[in-house]
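1. the sequence isn't on hand, but the structure is:
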């Protein structure tokens, strides 16, 4: 995921759910069952952490929502990709805490840009992947 993809991912969330409107599915109906969790594997998280400062680094989590315009961000081999439309998810960005804020690796406080692939998306989303289900 690059910076432009991140903007496309967070835009539908900011325009609907963040302001209290439900997400919409592939037919435009209000989502009745929103996301419960998102899973990212250890290798993905460790890759991002390696890009950060050993003392002041971490992962910034962006809330986003899938829609028809950004569905290409869901891996092609994922079954039931259309079921992601309208669902909340997250993108993970390698980030460092600096004196005047927390900056993504792709843009630090000095305005230096990096072409590093420092944003990850496409975690396993529940629903549709809820195995095993949570017993609460």
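-> Now that the structure is in, tell me what you want to look at. Since this is a predicted model, take the numbers as computed values, not measurements.
2. quick one, strands of the chain?
-> 37-39, 57-65, 88-98, 101-104, 119-120, 124-126 (DSSP state E).
3. neighbouring strands - and their directions - for the second one?
-> Each strand that pairs with strand 57-65, with its direction, by DSSP bridges: strand 88-98 (antiparallel).
4. so which bits of the strand it pairs with are buried?
-> 88, 89, 90, 91, 92, 93, 94, 95, 96 (16 or more other CB atoms under 10 Å). In short, each C-beta sits where N, CA and C put it, glycine included.
5. same check, this time on stretch 8-27
-> 8, 9, 10, 12, 13, 16, 17, 23, 24, 25.
6. end to end, how far does it reach?
-> End-to-end distance of stretch 8-27 (CA to CA, to the nearest Å): 20 Å.
7. next one: that stretch to chain centre, how far?
-> Chain-centre distance of stretch 8-27: 13 Å, with CA atoms, centre = their mean, to the nearest Å.
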